[in-house]
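Visitor: sequence first, then the predicted structure, then my questions.
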Amino acid sequence: MRDYRIGRLKGRHVVIWTDDEGKRRRYRLEANTAREAEREARDLILRLDAPPAGMTVAQVWGAYRAEMGDRRQGEKMDFAAKVILPAFGHLSVDQITVADCRGYIAKRRTAGRKDGTIRSELGCLRSAGLWARKVRLIDAVPPIEMPPTPAPRERYLSRDEVDRLLAAALDPHIKLAMLLMLTTAGRSGAILELTWDRVDFTSRTIRLAANDLGPRKGRATVPINDTLMAALQDAQRAAVSDFVVEWGGRPVRSIKTGFNAAVARAGIDHCTPHDLRRTAGRFMAEAGVPIEEIAEYLGHTNPNITRSTYARFSPEHLRRAAGSLEFGAPKLVQRTRVQTPKGRVSL
């Protein structure tokens, strides 16, 4: 039997072991006492080399959730669990069918949920299954059918709307978060997790990535422009925590309430915090910034993704193509002499 140990996580017993690839694994147990935890953990470890059929979705979900720990995927699963587990939790993983997924999709649509939300929920279920197969808790991943990927939502603010939105942000931390998203093109998660040790006033740069191991999607190192420099200097003088965006000395987990209130006060059409990132990308393209530079600013590893979204906003977009469609030599326009009633000649 492989080595393992019993631990505690958020008040629950967990079993921790090292898999065949040398990675540490963790599984949350149902046990309430130390003895029950030992028995359940030993059964689990014995099953690892011969995975059983019939492991429930709830068990797989709990194991994967424990593995995610404090990562953002863990928070996402907590929300999805409220609807996924009542629908699938009692089933064995191998019992899930395409019909089950389609029934779930239809029910959620009837409840008014959009396909993007439903896709995210079922995506968590599929991710849990993929992880469980990887660590050999199950033999195969069931077929998880999801709604089609929604067309990308395009909402870009005008400069006038940006000015009105910033003016309508009454809370200093909301305004600072907005300004950071607009000037760094960072995602809201990166902005809310930003700490002062990654703000370099000397080199005038911000490193949005917390470290080389954490989430790096869209987390570049970007310059601090004059607008942001003034705002950050004011914020640091008033700071009482390590977090750049703080409220009451604590980090801010979400700005949705304050953001939506500012949108309403500004009198602009519905927009989300992520629309500020899109708007920043468009402003750069409209200013003629090269696509490769915009991609680096946005943290895109593939400039083609940036090009497909923002190239059309560049003032030079398709100019050369239009020039290739000129036909014939330019014709000179001859002006006709016209005799006026008073004898003056008009050209």
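Guide: Thanks, I have the structure now.
Visitor: let me know the average pLDDT across stretch 85-92.
Guide: Average pLDDT, stretch 85-92: 90.
Visitor: go on, stretch 239-254?
Guide: 92.
Visitor: gap between the two ends of that stretch?
Guide: 18 Å (C-alpha to C-alpha, to the nearest Å).
Visitor: quick check: buried residues in it?
Guide: Residues 243-247, 252 are the ones in stretch 239-254 that count as buried (16 or more other C-beta atoms under 10 Å). (Glycine included, C-beta is placed from N, CA and C.)
Visitor: list of residues touching it?
Guide: If you take C-beta atoms under 8 Å, 6 or more residues apart in numbering as the criterion, stretch 239-254 is touched by 171, 173, 176-177, 180, 191-197, 199, 232, 235, 255.
Visitor: could you rerun that using 6 Å?
Guide: 173, 176-177, 192, 194-196 (C-beta atoms under 6 Å, 6 or more residues apart in numbering).
Visitor: returning to what we had before: just the ones in strands from the buried residues of stretch 239-254, please.
Guide: Secondary structure assignment by DSSP state E places 246-247 of the buried residues of stretch 239-254 in strands.
Visitor: before we move on, the earlier item: turn the contacts of stretch 239-254 into CSV, including secondary structure.
Guide: Listed next are the contacts of stretch 239-254 as CSV, based on DSSP: H, G, I helix; E, B strand; the rest coil:
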residue, secondary structure
H173, helix
L176, helix
A177, helix
L192, helix
L194, coil
T195, strand
W196, helix
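Visitor: and which of those is nearest to S314?
Guide: A177 (28.2 Å; C-beta to C-beta).
Visitor: H13 - how many residues pack around it?
Guide: 21 (other C-beta atoms under 10 Å).
Visitor: just the pLDDT at T301, thanks.
Guide: The model's pLDDT for T301 equals 85.
Visitor: rewinding a little: wait, which of the buried residues of stretch 239-254 is closest to S92?
Guide: Using C-beta to C-beta, the buried residues of stretch 239-254 come closest to S92 at V252, 41.1 Å.
Visitor: now do the strands in the stretch 101-250 of the chain.
Guide: 199-200, 205-207, 221-223, 246-247, 250-251 (DSSP state E, counting those that start in this stretch).
Visitor: secondary structure element for Q73?
Guide: Assigned by DSSP states H and E, Q73 belongs to helix 72-88.
Visitor: where exactly do the helices run in the stretch 1-150 of the chain?
Guide: 34-48, 57-68, 72-88, 98-110, 115-134 (DSSP state H, counting those that start in this stretch).
Visitor: what comes up buried for the second one?
Guide: When neighbours are counted by 16+ other C-beta under 10 Å, the buried residues of helix 57-68 are found to be 57-68.
Visitor: domain map for this protein?
Guide: 4-134, 159-313 (automatic domain parsing).
Visitor: adding distance to P147, write those domains out as TSV.
Guide: Output for the domains of the chain, formatted as TSV (distance: least, C-beta to C-beta, whole Å):
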stretch	distance to P147
domain 4-134	4
domain 159-313	20
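Visitor: out of those domains, which is closest to R320?
Guide: Going by C-beta to C-beta, the one of the domains of the chain nearest R320 is domain 159-313, 12.7 Å.
Visitor: can you get me a residue count around M181?
Guide: Neighbours around M181, by other C-beta under 10 Å: 24.
Visitor: give me the pLDDT for it.
Guide: pLDDT, M181: 95.
Visitor: nearest residue to it in space, please, no chain neighbours.
Guide: Counting by C-beta to C-beta, 6 or more residues apart in numbering, L276 is the residue found nearest to M181 once chain neighbours are left out, at 4.1 Å.
Visitor: try P150
Guide: Nearest to P150 is G116, by C-beta to C-beta, 6+ apart, at 4.7 Å.
Visitor: likewise for L165?
Guide: L165's closest residue in space is A266 (C-beta to C-beta, 6+ apart), at 4.8 Å.
Visitor: for that neighbour, give its distance to A168.
Guide: 4 Å (C-beta to C-beta, to the nearest Å).
Visitor: and what of I16?
Guide: In terms of C-beta to C-beta, I16 sits 49 Å off from A168.
Visitor: now T149
Guide: 33 Å.
Visitor: between these two, which has more neighbouring residues?
Guide: Each of T149 and A168 has its neighbours counted (other C-beta under 10 Å); A168 has more, 18 against 9.
Visitor: so which of the helices of the stretch 1-150 of the chain is the most surrounded?
Guide: Ranked by mean neighbour count, these are led by helix 57-68 with a mean of 21 (mean count of other C-beta atoms under 10 Å).
Visitor: and that one, what other elements does it pack with?
Guide: Packing partners of helix 57-68 (3 or more C-beta pairs under 6 Å, 6 or more residues apart in numbering; DSSP states H and E): strand 24-28, helix 72-88, helix 115-134.
Visitor: between those, which gets nearest to D226?
Guide: helix 72-88 (32.0 Å).
Visitor: how distant is the closest one from the center of its chain?
Guide: Computed by C-alpha atoms, centre = their mean, to the nearest Å, the chain-centroid distance of helix 72-88 equals 17 Å.
Visitor: tell me the angle that helix makes with helix 57-68.
Guide: Calculated by axes from the mean of the first three to the mean of the last three C-alpha atoms, to 10 degrees, helix 72-88 forms an angle of 180 degrees with helix 57-68.
Visitor: what residues does helix 72-88 touch?
Guide: Against helix 72-88 from outside (C-beta under 6 Å, 6+ apart): 57-58, 65, 68, 104, 121, 124-125.
Visitor: one step back: switch the helices and strands packed on helix 57-68 over to TSV; also include distance to D3.
Guide: Putting those into TSV (distance: least, C-beta to C-beta, whole Å) gives the following:
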stretch	distance to D3
strand 24-28	11
helix 72-88	26
helix 115-134	20
